[in-house]
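Asker: Fold the following for me, if possible:
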Amino acid sequence: MPAELWSRSHGQTLVLTIHNPESRNAIEPAIYAAGIEALNIAERSPEVRSVVITGSEGMFCAGGNLRRLLAQRQTAPEVQAQGIEGLHQWISTIRAYPKPVIAAVEGAAAGAGFSLALACDLIVAARNAVFVMAYSNVALSPDGGASWSLAHALPRQLASELLLCGERISPERLHALGIVNRLSEPGSALADALALAANLNARAPNVLASSKELLTEAPFNPLTTQLDLERTHFLQNLYHPNAGTGISAFLEKHQPQYE
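Answerer: Okay, here's the model as predicted:
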């Protein structure tokens, strides 16, 4: 059975489900391409306000397919480079996507599966989920933006522990470190992620997009540059129709309906 990325709508949320059960939902080039295409289509759709990425059959993603990687060693490095580039384009698309992206993690998020979860804006994880940067366990270095994500989220020593030791880390510890946003009971990660998405869907999409852009730029900007960027976004959003809707609804004590 070929690896697939299932796509379905749940209200205003697009749910993307990795389905490759024979390989514990390992991700392959077909999934990268489908993920990029799905996000590009959803970005243009006003009906989609958030995205949830999850895995089928109680498993998030075991990372890359090791049998496929072993076979790739018999080909030219340029061939494998194309596959890595496809993964990295998907990661970049998620990072730059203007709408909230939530990872709903059940089971293992290993290697590139962990990298994929880290690329999302928010992570909801079942208490029995397993996170592991498994690369060093098979004599590989990280991909999928793992080193970037961990270096921006954690002190060097903690990021080093995850990447160098290749040990499992619990969702409870990741929650304490601020990487996992919500802990769920086993089997409830997707439902809880959809509830979180519904909360976000009720907010002004232009403001969520501005907040994502500001958070992306902040680590690289001096304070004065970031203040200028905040001023620009604040003015854009103040004069957007949604600001009138939101402020009036707050003052008049009713629920706003944003465009």
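Asker: What is the subsequent helix or strand relative to the helix or strand bottoming out on mean pLDDT in the chain?
Answerer: Taking mean pLDDT, DSSP states H and E as the measure, the helix or strand of the chain with the lowest value is helix 66-72, at a mean of 83. Tracing the chain past helix 66-72, the next element assigned as helix or strand by DSSP states H and E is helix 77-96.
Asker: roughly how far is the least confident helix or strand of the chain from the heart of the chain?
Answerer: What separates the centre of helix 66-72 from the centre of its chain is 25 Å, taken as Cα atoms, centre = their mean, to the nearest Å.
Asker: and if you look at stretch 188-199?
Answerer: In this view, stretch 188-199 has its centroid 14 Å away from the chain centroid, taken as Cα atoms, centre = their mean.
Asker: Mind checking the pLDDT average for it?
Answerer: For stretch 188-199, mean pLDDT rounds to 98.
Asker: Ok, stretch 95-114 next?
Answerer: Per-residue pLDDT values over stretch 95-114 give a mean of 97.
Asker: same check, this time on stretch 31-49
Answerer: Averaging pLDDT residue by residue across stretch 31-49 gives 97.
Asker: Then stretch 229-244?
Answerer: Here stretch 229-244 scores 97 as its mean pLDDT.
Asker: CA atoms only for that stretch, dumped as PDB, please.
Answerer: These are the backbone C-alpha positions of stretch 229-244, laid out as PDB (Å, rounded to 0.1, in the frame of the first residue of the first chain):
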ATOM      1  CA  LEU A 229       7.300  45.800  12.300                       C
ATOM      2  CA  GLU A 230       4.800  45.700  15.200                       C
ATOM      3  CA  ARG A 231       3.700  49.200  14.400                       C
ATOM      4  CA  THR A 232       3.100  48.300  10.800                       C
ATOM      5  CA  HIS A 233       1.100  45.300  11.600                       C
ATOM      6  CA  PHE A 234      -0.900  47.100  14.300                       C
ATOM      7  CA  LEU A 235      -1.900  49.800  11.900                       C
ATOM      8  CA  GLN A 236      -2.900  47.300   9.200                       C
ATOM      9  CA  ASN A 237      -5.000  45.400  11.700                       C
ATOM     10  CA  LEU A 238      -6.600  48.500  13.300                       C
ATOM     11  CA  TYR A 239      -7.900  49.700  10.000                       C
ATOM     12  CA  HIS A 240      -9.000  46.200   8.900                       C
ATOM     13  CA  PRO A 241     -12.800  45.700   9.200                       C
ATOM     14  CA  ASN A 242     -12.200  42.900  11.700                       C
ATOM     15  CA  ALA A 243     -10.900  45.400  14.300                       C
ATOM     16  CA  GLY A 244     -14.200  47.300  14.100                       C
END
